[in-house]
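Peer 1: need a structure here:
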Amino acid sequence: MLHSNALPELHRLQTLIQQSSHPQLSSRILCSIDDENASWPVYAISLGNPDKTLPSITFVGGIHGLERIGTQVVLAFLETILERLKWDRPLTDVLQLLNIHFIPLVNPVGMLRHTRSNSQGIDLMRNAPIDSDEKTVCLAGGHRLSPLLPWYRGEENQPMQKEAQALSDFVLQELIPNPFSVVLDCHSGFGFHNHIWFPWAKSRLQPIRHLGEIFYLRQLFQQTYPYQNYRFEPQSQHYLTHGDLWDYLYLQSLNSSGIFLPLTLEMGSWRWIRKNPLQLCKIQGLYHPTKPHRVNRVLRGHLVLMDFLIHATASWQHWLEQGERESMYQQAMALWYEK
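Peer 2: Numbering: from 1, shown residues only. Sure thing, here's the model as predicted:
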């Protein structure tokens, strides 16, 4: 198997693709990144019904190479789904109602090199052609000073990086044409809590058009699982950035008739550091738990959220009643913006 020693996450993904015999599973290579005499593929795996009149959900990981745990969370959930499909008849029925995609490793060279950025020193989450409407935090909000500094956006008026463009093309082709679509992009490295963020990352003042739908989904999750401890809120409540990929794709989705809800799972890695300060001896320790039992705890800890999102996506017309949206929008404004 190619790259098995250098990049175990890629080996694990390729093994899943080769060993799965499920008739509804398909895979494709969105792009390949050449580096050090090797080519590193970016895979997309699909399950379910590809009918574009049905809803769709996508799980993404590995946009930042240092955040291995995001890729591992997506892979763990994919493994769970594939095992359940061997015996779980209700799950098989659910797959007739939607399409599920997995893009576990967007930035393989960054993960290989233990860097946040890609091989060109560019942060893929600061690389989209969109600017913040308001002042961003210095450097971390995205800059064009040098690829030697983290959070580098790339040169102005240049095409997006290959990995970011491939992910964008996939979303524009496979998600946005659907009547309802959700993305969960898995990251780590911010705070002591697990956050679920949604756009905008470019404005504290301007809410997104589908704020009511987002609030409704949040309320549904909290009522269904009242003992979960995620903080579900706009990313802008914490910091603003230039070039946010999900801001850009959400803006593109407004040209379609469907509803596109991009969510970011930001796993709070500071808890792992607090419990094991020696993690700071290695750069990966800022973003990834090092103790095996903590890794296992994280991998199983988000299964409920991901399973909920699949069922909420499949049932979106049942819970998202037209008459509730305005009320939900007003409640969201009062909670997040009017204060």
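Peer 1: mind checking the SS state of the residue nearest to residue 102 when sequence neighbours are not counted?
Peer 2: Excluding the flanking residues, the one nearest residue 102 by C-beta to C-beta, 6 or more residues apart in numbering is residue 45, at 4.4 Å. (Each C-beta comes from the backbone N, C-alpha and C, glycine too.) In three-state terms, and counting by DSSP: H, G, I helix; E, B strand; the rest coil, residue 45 is strand.
Peer 1: try residue 40
Peer 2: Per three-state DSSP, residue 40 ends up strand.
Peer 1: wait, what's in contact with the closest residue to it other than its chain neighbours?
Peer 2: Among residues not flanking residue 40 along the chain, residue 108 sits closest, at 3.9 Å (C-beta to C-beta, 6+ apart). Neighbour list for residue 108: 7, 10, 33, 40-42, 62, 65 [criterion: C-beta atoms under 8 Å, 6 or more residues apart in numbering].
Peer 1: check these and tell me the two furthest apart.
Peer 2: Using C-beta to C-beta, the contacts of residue 108 span at most 15.1 Å, a distance reached by 41 and 65.
Peer 1: look at these two and report which has more neighbours.
Peer 2: Higher neighbour count among residue 41 and residue 65: residue 65, with 25 against 18, using other C-beta atoms under 10 Å.
Peer 1: low-confidence regions, the stretch 201-339 of the chain specifically.
Peer 2: Applying pLDDT under 70 to the stretch 201-339 of the chain picks out residues 280-281, 285, 322-323, 339.
Peer 1: now do the strands in it.
Peer 2: 231-234, 259-267 (DSSP state E, counting those that start in this stretch).
Peer 1: helices or strands up against the first one?
Peer 2: Strand 231-234 is packed against strand 195-198, helix 211-224, with contacts defined by 3 or more C-beta pairs under 8 Å, 6 or more residues apart in numbering; DSSP states H and E.
Peer 1: residue 23 is nearest to which of these?
Peer 2: Short answer: helix 211-224, nearest of those by C-beta to C-beta, at 30.8 Å.
Peer 1: would you check that the residue nearest to residue 102 makes contact with residue 26?
Peer 2: Yes - contact criterion C-beta atoms under 8 Å: residue 45 and residue 26 qualify, at 7.4 Å.
Peer 1: more crowded one of these two?
Peer 2: residue 45 (22 against 13).
Peer 1: residues in contact with the more buried one?
Peer 2: Contacts of residue 45 by C-beta under 8 Å, 6+ apart are 13, 16-17, 25-27, 78, 101-104.
Peer 1: phi, psi of residue 147?
Peer 2: When read as degrees, to the nearest 10, the backbone of residue 147 gives phi -70, psi -10.
Peer 1: looks like it contacts residue 118 (just checking).
Peer 2: No - applying C-beta under 8 Å, one finds residue 147 not in contact with residue 118, separated by 9.7 Å.
Peer 1: the more surrounded of these two?
Peer 2: residue 118 (28 against 16).
Peer 1: could you tell me the angle between the strand or helix carrying residue 187 and helix 211-224?
Peer 2: With elements taken from DSSP states H and E, the one containing residue 187 is strand 180-188. For strand 180-188 against helix 211-224, the angle between stretch directions is 70 degrees (axes from the mean of the first three to the mean of the last three C-alpha atoms, to 10 degrees).
Peer 1: isn't residue 271 up against residue 192?
Peer 2: Yes - the criterion here is C-beta under 8 Å, and residue 271 meets it with residue 192 at 5.2 Å.
Peer 1: so between those two, which is more surrounded?
Peer 2: The neighbour count for residue 271 versus residue 192, taken as other C-beta under 10 Å, is higher for residue 271 (16 against 11).
Peer 1: and that one, what is it in contact with?
Peer 2: residue 192.
Peer 1: again, only using 10 Å
Peer 2: 191-194, 289, 294, 298 (C-beta atoms under 10 Å, 6 or more residues apart in numbering).
Peer 1: export the residues you listed to JSON lines and tack on distance to residue 50?
Peer 2: Output for the contacts of residue 271, formatted as JSON lines (distance: C-beta to C-beta, whole Å):
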{"residue": "191", "distance to residue 50": "38"}
{"residue": "192", "distance to residue 50": "40"}
{"residue": "193", "distance to residue 50": "36"}
{"residue": "194", "distance to residue 50": "32"}
{"residue": "289", "distance to residue 50": "36"}
{"residue": "294", "distance to residue 50": "37"}
{"residue": "298", "distance to residue 50": "31"}
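Peer 1: tell me the one of those residues nearest residue 256?
Peer 2: Using C-beta to C-beta, those come closest to residue 256 at residue 194, 30.5 Å.
Peer 1: for the closest one, grab the count of nearby residues.
Peer 2: 21.
Peer 1: next one: the one 3 residues further on
Peer 2: Burial of residue 197, expressed as a neighbour count using other C-beta under 10 Å, amounts to 22.
Peer 1: do residue 228 as well
Peer 2: 15.
Peer 1: contact partners for it?
Peer 2: 194, 196, 221-222, 301, 304-305, 308.
Peer 1: and for residue 160?
Peer 2: 122, 124, 127-129, 154, 166-169, 243, 245, 248.
Peer 1: hmm, 7 Å instead?
Peer 2: 127-128, 168 (C-beta atoms under 7 Å, 6 or more residues apart in numbering).
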